[in-house]
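# give the three-dimensional model of this entry:
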Amino acid sequence: MRVAPFVLAALCFGGYLVIAAFRELTTLETVLLQVLGLFLSLFWSWREARRVGFRLGQAQLQATVRPAFRRAVSLYRAMQRAASNVVTYRQELQRLGRLDGRVPLAEADSRLGILEAQLRMQIDTVDDALEDWNDLAPAEVAAMREKLRNEYEAEPATTVNGTR
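Just a heads-up that it's a prediction; the model follows:
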């Protein structure tokens, strides 16, 4: 922000006050002093309102972003658990050969493949949402991603179609 015009106006205003202390001002000088004071007041008020408004807007945005981001993370965790269950169920079905003796393995595997694909699409959607949140609150997103990474690395390894 440029301070030079404000400093120049303040010096002019101060000069008027010094002159007014030693002699009586003319009507024109008095009007100019009042106009200058008005512009300085308006400029300072506008500048401070912008600064305070920006800070309040940031605080309100962060208050809204944090809970919504945590909900997205909870959804992400739930979908990761569901994807892990798909892997577990597929392994169990392959070991049994048939589900309850009546469902062919290929059919059960096909159904689980569909479920897995749906979960992957939802995880991709959540990934996109987390990137959107990164634009709004990068520090919060970075901290939460680090926490998720640590939790993910602490879990036993599971694979879904060859990926962890």
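
# so how far is residue 16 from the residue of the chain positioned farthest from its centre?
Here the chain reaches farthest from its C-alpha mean at residue 23, the gap being 59.6 Å by Cα atoms, centre = their mean. With distances taken as Cβ to Cβ, to the nearest Å, residue 23 is found 11 Å from residue 16. To be clear about C-beta, it is placed using only N, CA and C from the backbone, and glycine gets the same treatment.

# and the strands in this structure, which stretches?
98-99, 103-104 (DSSP state E).

# tally of neighbours for residue 111?
Number of residues near residue 111 (other Cβ atoms under 10 Å) recorded here: 14.

# can you list the domain ranges for this protein.
Taking automatic domain parsing as the reference, the chain has its domains at 4-54, 68-154.

# so what does the longest helix along the chain touch, helix or strand wise?
In terms of residue count, the longest helix belonging to the chain (DSSP state H) is helix 27-96. The helices and strands touching helix 27-96, judged by 3 or more Cβ pairs under 8 Å, 6 or more residues apart in numbering; DSSP states H and E, are helix 4-22, helix 105-136, helix 138-154.

# just say which of the ones you listed is most tucked in.
Comparing the helices and strands packed on helix 27-96 by mean neighbour count (mean count of other Cβ atoms under 10 Å), helix 105-136 ranks first with a mean of 14.

# now do that helix, average pLDDT.
Computed over helix 105-136, the mean pLDDT rounds to 78.

# which other helices and strands does that helix contact?
Counting by 3+ Cβ pairs under 8 Å, 6+ apart, helix 105-136 packs on helix 27-96, strand 98-99, helix 138-154.

# what's the least confident stretch among those?
Taking the mean pLDDT of the helices and strands packed on helix 105-136, strand 98-99 comes last: a mean of 56.

# these two touch, right, residue 10 and residue 37?
No - taking contacts as Cβ atoms under 8 Å, residue 10 lies outside contact range of residue 37: 10.5 Å.

# out of the helices and strands packed on helix 105-136, nearest to residue 116?
helix 27-96 (4.7 Å; Cβ to Cβ).

# that closest one: how far from the chain's middle?
6 Å (Cα atoms, centre = their mean, to the nearest Å).

# still on that earlier bit, can you put the helices and strands packed on helix 105-136 in a markdown table and add distance to residue 121?
Listed next are the helices and strands packed on helix 105-136 as a markdown table, based on distance: least, Cβ to Cβ, whole Å:
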| stretch | distance to residue 121 |
| --- | --- |
| helix 27-96 | 10 |
| strand 98-99 | 25 |
| helix 138-154 | 19 |
